[in-house]
Structures are given as C-alpha cells and as structure tokens.
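Peer 1: just coords:
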Ligand SMILES: Cc1ncc(COP(=O)(O)O)c(C=O)c1O
C-alpha cells in the first residue's frame, strides 16, 4: 500500500520491515576472511575459543560446539539415552526437539503446552509418564524461558534428565541466571535468524564433564585416538569460519538483545490491550530473549483470522511468520511412527499464532509502526 508522499507528489511505499535481520558486521566478515586466508578451515582454535567464550557468557562449565542446533540436540540425547527410552517433549516446537530423540534410539512423547506462555505443560507431561520415561526436553520457545524451578522440581521428583532446547534463547534468563547455566544439557542453534547467526552452527552446554567428553566423542566419529573408534559417532563438527563469526557476535549479543527487548516492550504495551490479540505471556521471573515476538489472533474477537492479518500486514510492508503451523503430533512422520492423539492447546496455537518483526535491525519508530498498524485493522 502506498501511503507516504514525496515532495514531487509521488506516492512511495512504506519501508519494508523484514521478519529477521541477518547482516554481518565488517568485523564479523573480517574474522571469517582471516580464517579463510589462514587455511585452517576445519574445527580448530576458533571453535575451542568460541566454546570457552560461550560457556563463560552463559555461565556453564562446558560448551561443545557442533554443526547445527539439530546436531547439538542429537549429541545431548546420544550422551545418555538408551534404546526405547521415552523423552517428554512439547508438541509446539521445531521438529528437531522430537526427531533427534528418535534418531538417538528413544521415543519422543508429545505433551501439550500452556496456552499463554506456549511452553511445556507439566500437568500434561505428568499424565504421560511411564516406566520408560528417562528425560524431559523443555523448549524456551521464542526465547521465553520456561519455569525452570518447576521443571527441575518435576525432573527431580521423577528422576529425569533435562535437555533444555535453547535454540531460540541466547541470552534468556530465569531469576537472573542465564538459561545456559542451568542444566545437564542446554542446546543452542546459530542458524540465520537466531539471536546469534553464523550460518550453520550449534552448541550444547553442560555442567557435567563426563557428558561433555561423551558429546565430543560422538561429535567426531567416536574416535578416542587417531583411527581408534570406541563408539558409533558422526561428523558433527563446526568449522573455524563459523566459530570466528560467532565469537564476534557474542560480543554484540547484549546490545542486540537490548534492542529486541525495547521493541518487544513497545509491541506489548500496545497489543496486549487489543481485544482478540494475545501476545505470548512472559514466564514469571523470566527475562525473555525475543528471538520471535508472537501473538495469538482470535478471529471471533479481532474480526479477522491469522492468515488474513498476515496478508494485510504484508500489504503494509510488514513481514510476518508462522511458527509453527502444526504440532509435532500433527507431523506425518510422527503420526506414522507413533499414531495421533489430539493436543488441543497446541492445535489452537498452530491455527492462531503469528510472529511479528522484533529483531535488532528495527528502529524504535518501526516497532511503533507495527504496534499501531494492527489495532488500525481491528474491526
Ligand atoms: C526449538 C529449536 N530446536 C532446534 C532447532 C534446530 O537448529 P538448527 O536449525 O540449527 O539445526 C531449531 C532451529 O530452528 C529450533 O528452533
């Protein structure tokens, strides 16, 4: 839609607002070029330094880098799962949270989520416990930290390991502590669009030295010394080019988070008051990392459905995203493997969820523009 005029009287389109911002700084590009010129392309000193610096940033004892966030999850599950072990996972998440359980020989048990925070519903999880339940994999979805105390209490009560999926939660905190410091396993992704974006890359943090050693072994063909393989592993190594970019980005993560938090506050202040629009509720005691800013669109109360709102926003130059249009239990592969049982909250979220731009590339006025455009569309 053309709604601004130039001095010549010609209408100009409003500035397009993308759903993510993935521009590298000159310093990040130079860091990658330096590695390329060095000829040391594989996992090496940059990866080691990135692991050290990332662990220090989140406050974990160990960080194990990997090829991507999917590999980070797979390594975590491989480190402790036995064949047939069950892992409680939220159904409202990215496929890898569940599929890597299957890849590691276990069985993901899909649980429903809270309708306001969009995070795993422990009451529903409790109903799905069996003799085979070995772990729980809560996801800090969109950067919203889970209720860590409640999950840890639940896990302790049922003697479960915890694999925290923090792929979207770099910099999220719970009662002042970075979520990366909190567990047996905390996994991250550095895919473009994430809060740290190196291309492909992952990290698994742990406070357990034995788990860290096991994950390093599985990351590199189960090789304990040159050409001696004591476990069945994979090649899940990160390269030094990605690590060099990641090290630089870690230095500006706090500044990027501050912009995301400012933008989210602007959106929340306006949108939480619109009938039929419900922004994701922040966990009590949590500091959200705002990888995504998502709202639920109630067609009856707002006057149009999620898809119509997305199309109208696009006409105004505002891009949106749908994460996720179906739950894990609605994925054909999981239905084929495990059957289907309805999960009503997840299914409603999949119909109503809409992500709005919140990223570090937005100006303050951009966030105000998004916040004002949506109420103007309400009936
Ligand atoms: C919640 C969650 N888990 C795992 C992953 C997998 O990360 P990657 O794409 O780096 O393999 C993602 C990536 O989108 C994710 O959002």
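Peer 2: Happy to help now that I have it. This one's a predicted model, so the numbers in the text were calculated from it and none came from an experiment.
Peer 1: for this structure, longest helix please?
Peer 2: Looking across the chain with DSSP state H, the single longest helix is helix 240-271.
Peer 1: chain center to the helix or strand following that one, what's the gap?
Peer 2: Moving toward the C-terminus from helix 240-271, the next helix or strand (DSSP states H and E) is strand 277-279. Counting by C-alpha atoms, centre = their mean, to the nearest Å, strand 277-279 is centred 20 Å from the centre of its parent chain.
Peer 1: next, the contact list for residue 295, please.
Peer 2: 271, 277-280, 353-354, 356 (C-beta atoms under 8 Å, 6 or more residues apart in numbering). Yep, even glycine has a C-beta here, placed from its N, CA and C like the rest.
Peer 1: swap in 6 Å and give it another go.
Peer 2: 277, 279, 354 (C-beta atoms under 6 Å, 6 or more residues apart in numbering).
Peer 1: now check the longest helix of the chain, is it near the ligand?
Peer 2: No - using C-beta under 6 Å from any ligand atom, helix 240-271 stays clear of the ligand, with a minimum separation of 11.0 Å.
Peer 1: please identify the buried residues of that helix?
Peer 2: 240-250, 253, 256-257, 259-264, 266-268, 270-271 (16 or more other C-beta atoms under 10 Å).
Peer 1: and if you look at stretch 204-217?
Peer 2: So for stretch 204-217, counting by 16+ other C-beta under 10 Å, buried means 204-208, 211-212, 214-217.
Peer 1: what does the residue lying closest to residue 219 once chain neighbours are set aside show for phi and psi?
Peer 2: Distance criterion C-beta to C-beta, 6 or more residues apart in numbering; nearest residue to residue 219, sequence neighbours excluded, is residue 236 at 4.6 Å. Dihedral angles of residue 236 (phi, psi; degrees, to the nearest 10) stand at phi -120, psi 30.
Peer 1: what residues does the stretch 151-300 of the chain have near the ligand?
Peer 2: Checking the stretch 151-300 of the chain against the ligand by C-beta under 6 Å from any ligand atom, the hits are 165, 167-168, 189, 191, 202.
Peer 1: switch the cut-off to 5 Å
Peer 2: Residues of the stretch 151-300 of the chain lying near the ligand by C-beta under 5 Å from any ligand atom: 165, 167, 189, 191.
Peer 1: for the ligand, what's its nearest residue on the stretch 201-350 of the chain.
Peer 2: Ranked by C-beta to the nearest ligand atom, the top residue of the stretch 201-350 of the chain for proximity to the ligand is residue 202, at 5.4 Å.
Peer 1: list the contacts of that residue.
Peer 2: Applying C-beta under 6 Å, 6+ apart, the residues near residue 202 are 66, 68-69, 71-72, 189.
Peer 1: sec struct for residue 57, please.
Peer 2: helix (DSSP: H, G, I helix; E, B strand; the rest coil).
Peer 1: so where's this protein uncertain?
Peer 2: Applying pLDDT under 70 to the chain flags residues 1-10, 379.
Peer 1: at 80 instead, please
Peer 2: Low-confidence segments of the chain (pLDDT under 80): 1-12, 379.
Peer 1: give me the residue from it nearest the ligand.
Peer 2: residue 69 (2.4 Å).
Peer 1: ok, that residue to residue 256 distance?
Peer 2: 18 Å (C-beta to C-beta, to the nearest Å).
Peer 1: also residue 121?
Peer 2: Taken as C-beta to C-beta, the span from residue 121 to residue 256 is 31 Å.
Peer 1: again, but for residue 139
Peer 2: 21 Å.
Peer 1: same check on residue 114?
Peer 2: 27 Å.
Peer 1: before we move on, back to that, how far out from the middle of the chain is the longest helix of the chain?
Peer 2: 13 Å.
Peer 1: which other helices and strands contact that helix?
Peer 2: Counting contacts by 3 or more C-beta pairs under 6 Å, 6 or more residues apart in numbering; DSSP states H and E, helix 240-271 packs against helix 26-38, helix 45-58, strand 277-279, helix 364-377.
Peer 1: which parts of the stretch 1-150 of the chain sit against the ligand?
Peer 2: Residues of the stretch 1-150 of the chain lying near the ligand (C-beta under 5 Å from any ligand atom): 68-70, 94, 96.
Peer 1: picking that back up, quick one: closest of the helices and strands packed on helix 240-271 to residue 159.
Peer 2: With C-beta to C-beta as the measure, helix 45-58 is the member of the helices and strands packed on helix 240-271 nearest residue 159 (25.6 Å).
Peer 1: among the contacts of residue 202, which are located in strands?
Peer 2: 66, 189 (DSSP state E).
Peer 1: now stretch 107-127: buried residues?
Peer 2: 107-115, 117-122, 124-125.
Peer 1: do the same with stretch 364-378
Peer 2: Neighbour-count burial for stretch 364-378 [16+ other C-beta under 10 Å]: 366-371, 373-374.
Peer 1: also stretch 185-204?
Peer 2: Under 16+ other C-beta under 10 Å, the buried positions of stretch 185-204 are 185-191, 193-204.
Peer 1: and what of stretch 172-189?
Peer 2: 172-174, 178-189.
Peer 1: stretch 56-63 now?
Peer 2: 57-58, 60, 62-63.
Peer 1: good, wrapping up.
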